[in-house]
Every structure is written in structure tokens, then in C-alpha cells.
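Novice: Provided below for reference: sequence and predicted model.
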Amino acid sequence: MPKWFSGMKGREQVFLLVFQWMAICSAFVILARVGLDAFGMWSNAGTRIEGHLSILNLRTDIDAALIRHKKEQQNISYDRQQLSNRASSLADKVFRNREYRELETEERERYKQHTVRISFKKASYENVNEFAALIRKESPYMFLSEVEVEPNYPPKSKPYEMITYDAVFHVSSVEFADG
């Protein structure tokens, strides 16, 4: 034992030994936690790689499905202008007092997805339901990619009035790229 340790009082020696053991135990716990985290990341990486490989293996099936859909919808699917015109005319059949806005065209390698937004303010439930049904009839060439419906309850002073709805329809179509 070093001389400086022997020169300490018994209480100081015990305190120093307890402190050293606590430091060693703390370092061991920290190292164990770091090791377990590293092992978890390593084992999770294998699972993630397997998941990515399974998706990559589906590429041929996805390509075949895209080709099949492209052939099914050839000369029938809507481009941006056709979607705009058709969605607008269907909305006019149901609820003439509506708002219309072209949103965007999302371009991918093999297709474009066009989307328009049609809003009904204070429409009846029948109007909302009928428009959704008209769009569903146009499937698969036109579809609802998002729908938001919010009820407008009558005031408590007029409980006999009809409930109306504010509805926002995101109507989309897919246009397949040539080639």
C-alpha cells in the first residue's frame, strides 16, 4: 500500500475505497449500456437490411403491376386537364356553389399523379355522399386521395334546422408515362 493511504485515518480510507468502487461500478454500467446499445443497433441493422432486400425483390412484381395498369388504362386515364374538367363537371351536377382549385402534379419515374381540390361549404349530407359516389364510379381513372368533412350544427336557438357540412375532396388521377 502506498504511504499516503496508510497515513489516512480509517474513516478517510473507507470513504476513498467506497468512492473508488462506486466509480468502477458506474464505469462498468456505462460501458455495459453502450455495449448493449451497439449490439441492438447491429442486430437491428440486419433486420432492416432484410426488409430492404424483400422490397427490392418485389420490384419485378411492382413493375409488372404497373405495366398491367398502364395497359388497362391506356387512352382512358385522365391527364391534368381532363381530370380538372371531369371533376369540375361532376361537382357541378351535385353542388354548384363550390370552390375549385388545382393542387399539384406529383411526377415519378413511371407516372404522374394529378390532384385537384374541390370544397363544398354548407352542403347537405346527400350532396357530400353523392359527389363521393360519382367519383367512385370513375375508378380507377379518378379517385379520392383525401376527404375532409366537418359538420356545421345549427345554433341552439334553431335546433330544427338541418345540419350542413363543409367538405374538401382531393380528387386524383394517375397518368402513366409513355415507354
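Specialist: Thanks, I have the structure now. This one's a predicted model, so the numbers in the text were calculated from it and none came from an experiment.

Novice: Please pull out the lowest mean pLDDT helix or strand from the protein.
Specialist: helix 3-6 (a mean of 73; mean pLDDT, DSSP states H and E).

Novice: Show me what the very next helix or strand once past that helix is packed against.
Specialist: Next in sequence after helix 3-6, counting helices and strands by DSSP states H and E, comes helix 10-57. The contact analysis (3 or more CB pairs under 8 Å, 6 or more residues apart in numbering; DSSP states H and E) places helix 10-57 against no helix or strand. No exception for glycine: its C-beta is placed from N, CA and C like everyone else's.

Novice: ok and the following helix or strand past helix 10-57 relative to helix 10-57, angle-wise?
Specialist: Sequence-wise, the next helix or strand downstream of helix 10-57 (DSSP H and E) is helix 59-72. Put simply, helix 59-72 runs at 40 degrees to helix 10-57, going by axes from the mean of the first three to the mean of the last three CA atoms, to 10 degrees.

Novice: low pLDDT regions in this structure?
Specialist: 1, 70, 72-76, 178-179 (pLDDT under 70).

Novice: gap between Glu102 and Arg117?
Specialist: Glu102 sits 8 Å away from Arg117, going by CB to CB, to the nearest Å.

Novice: before we move on, back to that, please enumerate residues in contact with the least confident helix or strand of the chain?
Specialist: Gln13, Leu16 (CB atoms under 8 Å, 6 or more residues apart in numbering).

Novice: Could you export that helix as PDB, CA atoms only?
Specialist: What follows is helix 3-6, C-alpha atoms only, in PDB (Å, rounded to 0.1, in the frame of the first residue of the first chain):
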ATOM      1  CA  LYS A   3       2.400   5.600   2.200                       C
ATOM      2  CA  TRP A   4      -0.200   8.300   1.600                       C
ATOM      3  CA  PHE A   5      -3.000   5.700   2.000                       C
ATOM      4  CA  SER A   6      -1.600   4.400   5.300                       C
END
